[in-house]
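>>> One predicted model, sequence on top.
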Amino acid sequence: MRNRNRNIWLRGISILFVSVAIVMTAVSLVDYSRQRNNYPPAMTIAGVPVGGLEPGAASQRLLEVYTSPVEAHYGDAVIQIDPGVVGFKPDVESMLAAADLLRTGGAFWGGYWNFLWNRDPSPAAVPLRATIEEDRLRAYLQNEIAPRYDLPSTPAQPIPGGTSFTPGTPGQTLDIDRAVVLIEDALRSPSTRTVSLTFQQSSLTRPTLDNLEILLKQIVTVSEFDGLIGLYMADLQTGQEIHFAMNGGQEISDEPDVAFTASSTIKIPILISYFVQHGKAPVDDSVDTKILNMIHRSDNVASDAVMAELDPDTGPLVVSANMSRIGLENTFMAGFFYPGAPLLQRFDTPANQRFDIFNEPDVYNQTTATDMGTLLVDLFQCSDSGGGALVAAFPDKMDQAVCQHIIDYLLADKVGALIEAGVPEGTRVAHKHGWIPENDGVVRNFSDAAIVYSPGGNFVLTIYTYHPVQLIFPDVGDRIGTNRFFANLTQAVYNYFNLTSQ
């Protein structure tokens, strides 16, 4: 009886333990099932910790992270970039679905066993899944950021009373290609959402052409030049031009083309006309000597000999006809240089028929600063690219080699004065200078016409001056002479082209 009672007692205890175990197991299963509905403690989605969160809360956390603005620093500016504006969209549903597979895809009882023994599961990570429209981001940078925060360079400004310019300031331009990479990386990062945008520094800009013209006119005024001046300048890279005339310190605003005595600068058309007629280079030794004497020594006898090669009787008129053919209606040669040479023809031109200017241009040879400058531009274009009016008018005679040969002759005119005096030593200046003493020995006309080759750009510059009383070549006391006057004007143009390379 006692053994029977003892067995009953043991059976009851066993049943109790089993019942307790069943209850505890049931409770732990319930807890495990509840926990299994949330993400494992070590899980991350797109780098965002979501352990212990149910899917809805995880979704909210992902959106909070990946829709927060990216902070971009550009110079001193701080820019908040909305991911949605630049086409960034995280694929939250796809990432949650992948996380669910990781959460529920393991063996139930294996996970339960780890739960019972309080073992941490292996870390699970779902990578970022998102789309970004690069074209939209690039357009945002180009249309919104760059126009607002780029800094344009400021051009140099003329120094009043001088021949140079105050320095400008460089600008900055957003490096858009690099910015796209940096911002895309930040949009895809849950933590590093601040970027420093890089920029490209733009070079100093040359002063505007208007500023150069202002400076040139200031030089005329500051120099107290009270005669007549005609000036033409052409940028041989862009084709931009300056041409103006001033009389007594006042600008002739209606029409800057004033007729001047061409003096020895007319030897440029004579030289070109020889090759227009003969069309070959190099020339024989005898003619080569005549041309060198005409240009280098400014020998009038040699000049007459070269014109005689065109026509013994009417060589000057051949020169005039050639200039007219390329559209230079104010440039002519009406007779030979030798004393007593007959006037072969009287030329009426738009420039010498005006009645507002009286500067007594020589009836034997005339031009304007614009005409002679245009001729040198055509000569340069012919030598540089085989184009220009000379080639168009004389295609069978003029080509690059011939035009370069003509320029080589002009490079032989080395006087170290006028335009040459305004450029650094060693600068190539293809030019012809000129002046003519009157019968009373007084010089009233000085001129120079040049192609200047400089590191910062090549240019044509022609300057013609006239004074009814006298032009003084050197400085006299406080009065600026013609030589320094020409040099100052030339230096201003040279500085304009070479400001950033000095």
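Right, received. Where do you want to start?
>>> Every contact and neighbour count from this point should use C-alpha atoms.
Will do.
>>> Is the residue lying closest to residue 296 once chain neighbours are set aside in a helix, a strand, or coil?
Closest residue to residue 296 apart from its sequence neighbours, by CA to CA, 6 or more residues apart in numbering: residue 413 at 4.4 Å. Following DSSP: H, G, I helix; E, B strand; the rest coil, we place residue 413 in the coil state.
>>> Around residue 413, count how many other residues there are.
21 (other CA atoms under 10 Å).
>>> helices and strands of the chain: which one has the lowest mean pLDDT?
helix 108-116 (a mean of 48; mean pLDDT, DSSP states H and E).
>>> other SSEs contacting the helix or strand just after that one?
Later in the chain than helix 108-116, the nearest helix or strand by DSSP states H and E is strand 125-126. Contacts defined by 3 or more CA pairs under 8 Å, 6 or more residues apart in numbering; DSSP states H and E place strand 125-126 against strand 44-45, helix 92-104.
>>> And the contacts of the longest one?
When you say that, I think you mean helix 92-104. 36, 38-40, 45-46, 55, 59, 62-63, 124-129 (CA atoms under 8 Å, 6 or more residues apart in numbering).
>>> What subset of those is buried?
Among the contacts of helix 92-104, those classed as buried by 16 or more other CA atoms under 10 Å are 36, 38-40, 45-46, 55, 59, 62, 124-126, 128.
>>> And those residues, which is closest to residue 301?
residue 128 (89.9 Å; CA to CA).
>>> start to end distance for stretch 196-214?
Taking CA to CA, to the nearest Å, stretch 196-214 runs 42 Å from one end to the other.
>>> got the buried residues for that stretch?
197, 198, 199, 201, 204, 205, 206, 207, 211, 212, 213.
>>> which of those has the weakest pLDDT?
Minimum pLDDT for the buried residues of stretch 196-214 is recorded at residue 204 (63).
>>> Can you pull out the low-pLDDT segments for the stretch 151-300 of the chain?
203-205 (pLDDT under 70).
>>> hmm, who's touching stretch 422-442?
Contacts with stretch 422-442, where a contact means CA under 8 Å, 6+ apart, come from 262-265, 267-268, 295, 407-413, 418, 420, 443-454, 470-471, 486-491, 494.
>>> Ok, stretch 60-69 next?
By CA under 8 Å, 6+ apart, the list of residues contacting stretch 60-69 from outside reads 45-46, 48, 50, 80-84, 90, 92, 187-188, 190, 193.
>>> go on, stretch 349-368?
228, 230, 257-263, 266, 329-335, 343, 346-347, 464, 466-468.
>>> Kindly supply the ChimeraX command isolating those of those residues that are buried.
Applying 16+ other CA under 10 Å to the contacts of stretch 349-368, the buried members can be selected in ChimeraX as follows:
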select :228,230,257,258,259,260,261,262,263,266,329,330,331,332,333,334,335,347,464,466,467
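>>> Now, the contacts of stretch 349-368 that are in strands?
228, 230, 260, 261, 332, 333, 464, 466 (DSSP state E).
>>> Enumerate the beta-bridge partners assigned to the fourth one.
Which is residue 261. residue 366 (DSSP bridges).
>>> Tell me who's in contact with it.
Per CA under 8 Å, 6+ apart, neighbours of residue 261: 361, 362, 365, 366, 367, 445.
>>> likewise the last one?
Taking CA under 8 Å, 6+ apart as the definition of contact, the neighbours of residue 466 are 227, 228, 229, 260, 359, 444, 445, 446.
>>> list the contacts for the nearest residue to it once chain neighbours are set aside?
In space, and not counting its chain neighbours, residue 466 is closest to residue 445: 4.6 Å by CA to CA, 6+ apart. Residues counted as contacts of residue 445 (CA under 8 Å, 6+ apart) are 261, 435, 436, 464, 465, 466, 467, 471.
>>> one step back: which of the contacts of stretch 422-442 are buried?
Neighbour-count burial (16+ other CA under 10 Å) applied to these gives 262-265, 267-268, 295, 407, 409-413, 418, 420, 443-454, 471, 486-491, 494.
>>> Quick check on residue 444: phi, psi?
phi -110, psi -10 (degrees, to the nearest 10).
>>> List the buried residues in the helix or strand where residue 370 lies.
Counting by DSSP H and E, the element that carries residue 370 is helix 369-385. Judged by neighbour count (16+ other CA under 10 Å), helix 369-385 contains these buried residues: 369-383.
>>> Would you tell me what the next helix or strand after it is?
helix 389-393.
>>> Helix or strand for residue 61, just tell me which one.
Following DSSP H and E, one finds residue 61 within helix 55-66.
>>> Residue 131 now?
Following DSSP H and E, one finds residue 131 within strand 130-132.
>>> Sketch out the low-pLDDT regions of the stretch 1-150 of the chain for me.
Short version for the stretch 1-150 of the chain, where the test is pLDDT under 70: 1-7, 9-12, 14, 16-37, 103-123.
>>> if you set the cut-off to 50 instead, what comes out?
27, 29-33, 35, 105-110, 112-113, 115, 117 (pLDDT under 50).
>>> Name the residues of stretch 89-96 that come out as buried.
Within stretch 89-96, the residues scored as buried using 16+ other CA under 10 Å are 89, 90, 92, 95, 96.
>>> who does the first one bridge with?
Taking DSSP bridges, one finds residue 131 as the beta-bridge partners of residue 89.
>>> where's it relative to residue 78, distance?
Distance, residue 89 to residue 78, by CA to CA: 23 Å.
>>> cool, the third one as well?
The spacing between residue 92 and residue 78, counted by CA to CA, is 29 Å.
>>> Residue 309 - how many residues pack around it?
Neighbours of residue 309 using other CA under 10 Å come to 16.
>>> same check, this time on residue 284
As a burial measure, residue 284 scores 8 neighbours (other CA under 10 Å).
>>> What about residue 136, how many residues nearby?
If you count neighbours by other CA under 10 Å, residue 136 ends up with 14.
>>> so it makes contact with residue 88?
No - applying CA atoms under 8 Å as the test, residue 136 and residue 88 come out as separate, 9.3 Å apart.
>>> Common neighbours of these two, please.
By CA under 8 Å, 6+ apart, no residue touches both residue 136 and residue 88.
>>> And the residue lying closest to residue 299 once chain neighbours are set aside, which helix or strand is it part of?
If the residues on either side of it in the chain are set aside, residue 299 comes closest to residue 293, at 5.6 Å by CA to CA, 6+ apart. For residue 293, the host element (DSSP H and E) is helix 285-296.
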